[in-house]
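# this one's structure only:
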């Protein structure tokens, strides 16, 4: 198993993984469009011994109240069914968080299962008066600070790129 930054040759494997994992085209189309528009800040893949993509996590820019604050959104996160329960998602997310921290990013947000993401150090964003545009997501919208002062004086609407509004 190898966990690394995605490269161009990984695109078909990522696409296939996302279509299998999410039983449809939405996430695969989202990632393809983000990639085509240069909006993937960081993509992390896990490959098996034959080089097949068995895990993927993408990070893309977000703004807070219209300001660019060196924040990114984590989405999507996918692990091939045969590799689940082995800590692969945790390893990919941590690899991504470490790299983003090294690159100087301040915070990461995600919309996902609180029980999963809290294990990765994410907290409910609502407790910091942060929200996303989708109603009913207060429990699932989460934030992870990379910089100690990332949340100081920051509150309001966190917006993903328009690509996320189409799916």
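Happy to help now that I have it. It should be emphasised that the depicted structure is a prediction, and the values quoted were computed from it without experimental measurement. Numbering: from 1, shown residues only.

# and the longest helix for the chain?
The helix spanning the most residues in the chain, taking DSSP state H as the definition, is helix 88-102.

# show me what that one is in contact with.
The contact list for helix 88-102 (CB atoms under 8 Å, 6 or more residues apart in numbering) reads 1, 3-5, 41-42, 44-46, 54-57, 59, 72, 74, 77, 79, 108, 116, 119-121, 144, 146-147. All C-beta atoms are positioned from the backbone trio N, CA, C, and that covers glycine.

# sort out which residues of whichever helix or strand comes after it are buried, please.
Per DSSP states H and E, helix 88-102 leads on to strand 107-111 as the next helix or strand towards the C-terminus. By 16 or more other CB atoms under 10 Å, the buried positions in strand 107-111 come out as 107, 108, 109, 110, 111.

# hang on, the earlier thing: what angle do the longest helix of the chain and strand 107-111 make?
Put simply, helix 88-102 runs at 150 degrees to strand 107-111, going by axes from the mean of the first three to the mean of the last three CA atoms, to 10 degrees.

# and residue 148, what element?
Here residue 148 is assigned to no helix or strand, by DSSP H and E.

# check the gap between it and residue 107 for me.
Noted for residue 148: a distance of 11 Å to residue 107, by CB to CB, to the nearest Å.

# could you list the low-pLDDT ranges of the protein?
For the chain, the stretches with pLDDT under 70 are 167.

# give me the residue at the spatial middle of it.
residue 74 (1.6 Å; CA atoms, centre = their mean).

# right, and that one touches residue 59 too?
Yes. Residue 74 is within contact range of residue 59, at 5.5 Å (criterion: CB atoms under 8 Å).

# residues in contact with the residue of the chain most remote from its centre?
The C-alpha centroid of the chain is most remote from residue 50, which lies 25.1 Å away (CA atoms, centre = their mean). Going by CB under 8 Å, 6+ apart, residue 50 touches no other residue.

# make sure it is indeed in a helix.
No. With DSSP: H, G, I helix; E, B strand; the rest coil as the criterion, residue 50 is coil rather than part of a helix.

# any figure for the gap between it and residue 17?
According to CB to CB, residue 50 and residue 17 sit 14 Å apart.

# equivalent analysis for residue 82, please.
According to CB to CB, residue 82 stands 11 Å off from residue 17.

# shared neighbours of the two, which are they?
residue 54.

# no more questions from me, cheers.
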